[in-house]
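Colleague: structure for this input, please:
(chains A, B and C)
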Amino acid sequence: MSGSGEDPVITPEQVQQLFERLKSEAESSGYHLNPNVEFTKGLVEGLLVNEARYGYWACPCRLASGQKEEDLDIICPCDYRDPDLDEYDTCYCALYVSQDVVDGKKKATRIPERRPEERASSSSGRAEGVRGTSAGSAAAQPGPAAASLEALGFPVWRCRVCGYLCARGQPPAVCPICKAKKERFERFL
Amino acid sequence: MSGSGEDPVITPEQVQQLFERLKSEAESSGYHLNPNVEFTKGLVEGLLVNEARYGYWACPCRLASGQKEEDLDIICPCDYRDPDLDEYDTCYCALYVSQDVVDGKKKATRIPERRPEERASSSSGRAEGVRGTSAGSAAAQPGPAAASLEALGFPVWRCRVCGYLCARGQPPAVCPICKAKKERFERFL
Amino acid sequence: MSGSGEDPVITPEQVQQLFERLKSEAESSGYHLNPNVEFTKGLVEGLLVNEARYGYWACPCRLASGQKEEDLDIICPCDYRDPDLDEYDTCYCALYVSQDVVDGKKKATRIPERRPEERASSSSGRAEGVRGTSAGSAAAQPGPAAASLEALGFPVWRCRVCGYLCARGQPPAVCPICKAKKERFERFL
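Modeller: Next comes the predicted model:
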């Protein structure tokens, strides 16, 4: 399996194995793979192809630079997955979807690219709009620690059931620890 | 299955499926369902009845208002589960119990109602005492972020083994990440 | 099974059961048991022997005092496991190893004792060097909450993918929530 030009050979067994691992890891933390198994396995194969090419799971729906440092934000799961799930019920690839999509209450559709334009300069054919987000800029600059509470890069959310804390734009759909839903979170910092 | 008066029909298969899901989710984060399986399945059936009636898992041992906003704190797992496990080795319903109860070292008994009286005004027949707690008042008011470390609504605990952080009255019985016990936590904030 | 002198009898079934539990708990949070199963089961048996002797899982590779309060930092998983995995790809016992060791890219070798000398005064025959670390001193003194952000005992790391927060010397090898790798963490506080 060489990294020079030719497509690496991925076996159905490799795809099945990674599919099962990702599915199990997703479920245990309150995430969901797209229930369309064939579609999802296509994306999983894309991850394995990119792993063979680049050495890491570059997003199968974006054009990777091949430089890990530049691609860190689009290694799957990407920095944009969770804000996209919050806002659109799906990640950019539709590998991960919300509970509502799993339940058939919503449909995963094409969504705009959240990755900042300057990070996607070797741009993908699919990019169709770019919004600067705090997620994006935080990813761009690993930055120093906040000097004060006012300077925190993200709000800190607290699960009222179990006390779990996380720092992100919005609370997660489900608490990864106790599975309480988003509405059970409160702003903590 | 209508929400108007008549009891919804819940099948044993539905009860079994939710029982298994709750048991698995509990164990993976260091919680335990009551080992009395028949008793526990009765409570699980109560959750399914309430889901059919109200659209959410209102606590099966409390009287729900039917208004989700008013009942948020008693959607199972309720805001009072963890402080009750800390103090009494059981939640109000005895759906969740401590390791000591599982091991037969302690017995789950009737415990006082931790939910503040003003929140339970359409009160349950079982309520037998009310204590105002920080858990209760925090739930009542999702409140703004703390402006300073002194103003944090809950202490932040740190697992000395893996660094897990959570904000609650006391540390959890078991670290949900590395399973270290309560005594391995230290106050962090 | 008495605690007075004689070795407690541990059955292969007990070892197998605890081995499977520890393996499952480790994998679900991004940790790994040593893939040498026979070696690992020997350590698991040591944990069970210590549990019978002392009532807790004192580290099988260190000399326990028998006083739980004095041994808290070396109850498995010990306070030193994660910094040792970060720095040496193995814990002191080699019960836990890094992904690189599992993959055969690195070998688990003897590592220095991270536990501060003053805590190991009833010292183990294996101790071969001591370094004072923040992990060690924090363990020694459960201390009060930090009065200011500057006074925090550990840096707080944020997973850029899911927002998970933890306070430790370095970020974990893998985010226990979303399984993103160490390089996806940023300093938060």
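
Colleague: now chain A against chain C: closest residue?
Modeller: Minimum separation of chain A from chain C (CB to the nearest CB) falls at A:R168, amounting to 3.2 Å. Where C-beta positions appear, they are placed from N, C-alpha and C, glycine not excepted.

Colleague: close to chain B: what parts of chain A are there?
Modeller: Residues of chain A lying near chain B by CB under 8 Å from any CB of the partner chain: A:28, A:149, A:155-156, A:158, A:160-165, A:177-181, A:183-184, A:186-189.

Colleague: now do the residue nearest to the spatial centre of chain A against A:I111, distance only.
Modeller: The centroid of chain A falls nearest to A:R81 when counting by CA atoms, centre = their mean (2.8 Å). Distance of A:R81 to A:I111, given as CB to CB, to the nearest Å: 11 Å.

Colleague: now do A:F154
Modeller: Noted for A:F154: a distance of 21 Å to A:I111, by CB to CB.

Colleague: hmm, A:Y96 and the residue nearest to the centre of chain A touching each other?
Modeller: Yes: A:R81 is within contact range of A:Y96, at 5.7 Å (criterion: CB atoms under 8 Å).

Colleague: what's the local residue count around A:L63?
Modeller: By other CB atoms under 10 Å in any protein chain shown, 17 other residues sit near A:L63.

Colleague: got a pLDDT number for it?
Modeller: pLDDT for A:L63: 94.

Colleague: work out for me the element it sits within.
Modeller: Secondary structure from DSSP states H and E places A:L63 outside every helix and strand.

Colleague: residues in contact with the nearest residue to A:Y56 once chain neighbours are set aside?
Modeller: Spatially, and ignoring its direct neighbours in sequence, A:Y56 is nearest to A:I75 (5.3 Å; CB to CB, 6 or more residues apart in numbering or on different chains). The contact partners of A:I75, by CB atoms under 8 Å, 6 or more residues apart in numbering or on different chains, come to A:56-59, A:68, C:180-181, C:184.

Colleague: which pair in the residues you listed spans the largest distance?
Modeller: Greatest spacing in those, by CB to CB: A:C59 and C:K181 (14.8 Å).

Colleague: more neighbours, these two?
Modeller: Legend: neighbour count by other CB under 10 Å for A:C59 and C:K181, higher for A:C59 (26 against 19).

Colleague: isn't the more buried one right next to A:P77, touching?
Modeller: No: counting by CB under 8 Å, A:C59 stays clear of A:P77, with 9.2 Å between them.

Colleague: how close does the residue nearest to A:Y56 get to chain B?
Modeller: Noted for A:I75: a distance of 22 Å to chain B, by CB to the nearest CB, to the nearest Å.

Colleague: show me the contacts for the residue nearest to the centre of chain A.
Modeller: Counting by CB under 8 Å, 6+ apart, A:R81 touches A:91-92, A:96, C:161.

Colleague: one more: A:R158?
Modeller: Taking CB under 8 Å, 6+ apart as the test, what A:R158 contacts is A:164-165, A:185-188, B:153-154, B:167.

Colleague: the same query, at a cut-off of 6 Å, please.
Modeller: Neighbouring residues of A:R158 by CB atoms under 6 Å, 6 or more residues apart in numbering or on different chains: A:165, A:186, A:188, B:167.

Colleague: looking at this, the second one is in a strand?
Modeller: Yes: assessed by DSSP: H, G, I helix; E, B strand; the rest coil, A:E186 belongs to a strand.

Colleague: quick one: low-confidence ranges for chain A?
Modeller: Where chain A drops to pLDDT under 70, the residues are A:1-5, A:121-144.

Colleague: how about a cut-off of 90?
Modeller: For chain A, applying pLDDT under 90 flags the ranges A:1-8, A:28, A:117-153.

Colleague: which residues in it form helices?
Modeller: Secondary structure of chain A by DSSP state H: the helices cover A:12-28, A:37-54, A:68-71, A:81-88, A:99-102, A:134-140.

Colleague: please identify the most buried of the ones you listed.
Modeller: Of all the helices of chain A, helix A:81-88 carries the top mean neighbour count, a mean of 20, counting by mean count of other CB atoms under 10 Å in any protein chain shown.

Colleague: not counting its neighbours along the chain, what's nearest whichever residue of chain A sits closest to chain B?
Modeller: Chain A approaches chain B most closely through A:G163 (3.2 Å), counting by CB to the nearest CB. Excluding the flanking residues, the one nearest A:G163 by CB to CB, 6+ apart is B:R168, at 3.2 Å.

Colleague: burial of that neighbour, as a residue count?
Modeller: 24.

Colleague: same question, the one 3 residues further on
Modeller: Counted with other CB under 10 Å, the neighbours of B:P171 add up to 23.

Colleague: okay, now A:R110: neighbour count?
Modeller: Neighbours of A:R110 using other CB under 10 Å come to 10.

Colleague: over to the one 4 residues further on?
Modeller: Counted with other CB under 10 Å, the neighbours of A:R114 add up to 23.

Colleague: likewise the one 4 residues further on?
Modeller: Applying the criterion other CB under 10 Å, we find 10 residues in the vicinity of A:E118.

Colleague: any idea how far it is from A:C93?
Modeller: Distance from A:E118 to A:C93, by CB to CB: 21 Å.

Colleague: and of the helices of chain A, who's closest to C:E20?
Modeller: The nearest among the helices of chain A, by CB to CB, is helix A:12-28 at 16.5 Å.

Colleague: could you say what helices and strands that closest one packs with?
Modeller: In terms of contacts (3 or more CB pairs under 6 Å, 6 or more residues apart in numbering or on different chains; DSSP states H and E), helix A:12-28 is packed against strand A:32-33, helix A:37-54.

Colleague: re the thing from before, which of the contacts of A:R81 sit farthest apart?
Modeller: Between any two of these (CB to CB), the greatest distance is 13.4 Å, for A:Y92 and C:V161.
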